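In: Next one to model:
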Amino acid sequence: MNVQTQSQPTMEKPLVGKTIIFSGASGHLGGGMYRHLLACGANMINLGRRAPEVAAEYAENSHHISVDFYDTPALISALEKVSEEF
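Out: Below you'll find the model as predicted:
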């Protein structure tokens with residue numbers, strides 16, 4: 001017997017157990033995509049200068065790492081942090 005848990009994908013939440021690195025979630029279009037991916041069960045990591053407003057609604061599955069993409073050493077550091085923590 002296969003018992004579905006929150007850690008397994010379902011038709012309603014097909015991205016449960018998946019982690020997505022995202023950029024641009026604080027904008028209008030990116031925020032909508034970010035919200036949809038969270039609603040599908042994904043664990044989201046936003047990289048950017050500003051944290052997305054939607055992050056508060058999904059605090060358990062939404063993470064923000066503040067970084068300026070024009071600062072190469074900071075971007076490398078942020079990606080290393082993602083690799084270590086997630």
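In: going forward, measure contacts and count neighbours with C-alpha atoms only.
Out: Fine.
In: Show me what the longest helix anywhere in the chain is packed against.
Out: Determined from DSSP state H, the single longest helix within the chain is helix 72-85. If contacts are counted by 3 or more C-alpha pairs under 8 Å, 6 or more residues apart in numbering; DSSP states H and E, helix 72-85 sits against no helix or strand.
In: Distance from that helix to the middle of the chain?
Out: Taking the mean of its C-alpha atoms, helix 72-85 sits 15 Å from the chain's own mean (C-alpha atoms, centre = their mean, to the nearest Å).
In: cool, stretch 32-39 as well?
Out: 9 Å.
In: List the beta-bridge partners for the residue nearest the centre of the chain.
Out: The residue lying closest to the centre of the chain (C-alpha atoms, centre = their mean) is Met44, at 1.3 Å. Beta-bridge pairing for Met44 (DSSP bridges): Ile20, Ser62.
In: What residues does it make contact with?
Out: Neighbouring residues of Met44 by C-alpha atoms under 8 Å, 6 or more residues apart in numbering: 19-22, 34, 37-38, 61-63.
In: just these now: which is nearest Ile76?
Out: Distance to Ile76 across these (C-alpha to C-alpha) is lowest for Ile21, with 13.8 Å.
In: Surely that closest one and Ile45 touch.
Out: Yes. With contact defined as C-alpha atoms under 8 Å, Ile21 reaches Ile45; the gap is 4.8 Å.
In: quick one, which of the two is more surrounded?
Out: Taking neighbours as other C-alpha atoms under 10 Å, Ile21 and Ile45 compare with Ile45 leading, 21 against 13.
In: got the contact list for that one?
Out: Taking C-alpha under 8 Å, 6+ apart as the criterion, Ile45 is in contact with 19-22, 62-65.
In: ranking these by neighbours, who comes first?
Out: Using other C-alpha under 10 Å as the neighbour test, the contacts of Ile45 are led by Ser62, with 22 neighbours.
In: quick revisit: mean confidence score for the longest helix of the chain?
Out: Helix 72-85 shows a mean pLDDT of 96.
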